[in-house]
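Novice: Requesting a structural model of the entry that follows:
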Amino acid sequence: MGAVVFHGFSKRMMEASMEALRDGELIIYPTDTIYGIGCDMKNSKALEKLNQLKNRPTNKPFSFICNDMSEAAHYARISNAAHRVMKRFLPGPYTFVLPTGSGVPKKMASADRAVGIRIPNHPITLALAKEFGAPIITTSVNVSNEQPLNAIGDLSHMFTSAVAVIIDGGPLDNVPSTIIDFTEDDPKVIREGKGFEEIRPFLEFSHS
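Specialist: Numbers count the residues shown, from 1 in each chain. Below is the predicted model of the structure:
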């Protein structure tokens with residue numbers, strides 16, 4: 001049985017997405033950068049399914065979506081310096097790598113106890129995270145090291161057959177998020193993506 005496809009925001013879309021997430025299924029959704037695929041952060045079987053689908057190393061940590069800064073603070077330790085930048089630029093097209101907080105399952109954290117947090121500036125993504133009441137895994141809709149997807153019409157059968165819900169938000173920019181590592185006092189730009197030029201003047205950074 002294939003995925004149920006929804007076009008834009010609707011009550012039925014939210015209900016189906018919540019049911020899928022609670023049942024340990026995968027969903028595809030739009031963000032403020034590219035399309036994301038994700039699941040319940042705390043469901044280990046769903047995480048395993050996602051790793052297999054993307055042919056992704058199991059020891060590579062995922063990023064996840066929070067609906068606001070207060071939720072993010074439960075899952076990451078946010079320094080004063082990081083908080084100033086995040087408060088100014090979130091919601092937005094950024095992934096902040098931060099020290100792991102108490103709410104993160106061990107399987108979710110990297111070997112150096114860091115996590116990636118997204119608060120995308122997209123109404124559907126934020127509504128999903130708020131309604132679910134817990135972080136949702138976010139990773140690009142592609143096999144590892146291949147080009148990410150920016151239009152639902154380009155989805156391969158491999159993905160449509162593996163997910164329960166697809167939310168079509170129309171064509172998106174094919175530009176991933178800017179990734180900033182705030183695990184130490186001196187932030188490092190891991191990837192220059194969407195929004196980089198806007199945030200750049202507010203960082204004293206070095207490239208990894």
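Novice: State the distance from V165 to S70.
Specialist: 27 Å (C-beta to C-beta, to the nearest Å). Any C-beta I mention is one placed from the backbone N, CA and C, and that applies to glycine too.
Novice: Check M13 too.
Specialist: For M13, the distance to S70 - C-beta to C-beta - is 25 Å.
Novice: now swap in S63 and tell me
Specialist: 18 Å.
Novice: Who has more neighbours out of those two?
Specialist: Neighbours were counted for S63 and for S70 using other C-beta atoms under 10 Å; S63 has more, 21 against 8.
Novice: In the sheet, which residues pair with the most centrally placed residue in the chain? Tell me.
Specialist: Centroid check for the chain by C-alpha atoms, centre = their mean gives T138 as the closest residue, at 2.7 Å. Taking DSSP bridges as the rule, T138 bridges to S63.
Novice: Please report how far it lies from M86.
Specialist: For T138 relative to M86 (C-beta to C-beta), the value is 16 Å.
Novice: And the strands in this protein, which stretches?
Specialist: 4-7, 27-29, 36-38, 63-65, 94-99, 114-118, 136-140, 165-168, 178-181, 188-191, 206-207 (DSSP state E).
Novice: Can I get those strands in TSV including distance to H157?
Specialist: Shown next, in TSV, are the strands of the chain (distance: least, C-beta to C-beta, whole Å):
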stretch	distance to H157
strand 4-7	14
strand 27-29	13
strand 36-38	15
strand 63-65	26
strand 94-99	29
strand 114-118	27
strand 136-140	18
strand 165-168	12
strand 178-181	30
strand 188-191	29
strand 206-207	38
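Novice: want to throw the ones you listed into JSON lines with mean pLDDT?
Specialist: Shown next, in JSON lines, are the strands of the chain (pLDDT from 0 to 100):
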{"stretch": "strand 4-7", "mean pLDDT": "96"}
{"stretch": "strand 27-29", "mean pLDDT": "97"}
{"stretch": "strand 36-38", "mean pLDDT": "96"}
{"stretch": "strand 63-65", "mean pLDDT": "94"}
{"stretch": "strand 94-99", "mean pLDDT": "96"}
{"stretch": "strand 114-118", "mean pLDDT": "93"}
{"stretch": "strand 136-140", "mean pLDDT": "94"}
{"stretch": "strand 165-168", "mean pLDDT": "98"}
{"stretch": "strand 178-181", "mean pLDDT": "96"}
{"stretch": "strand 188-191", "mean pLDDT": "94"}
{"stretch": "strand 206-207", "mean pLDDT": "46"}
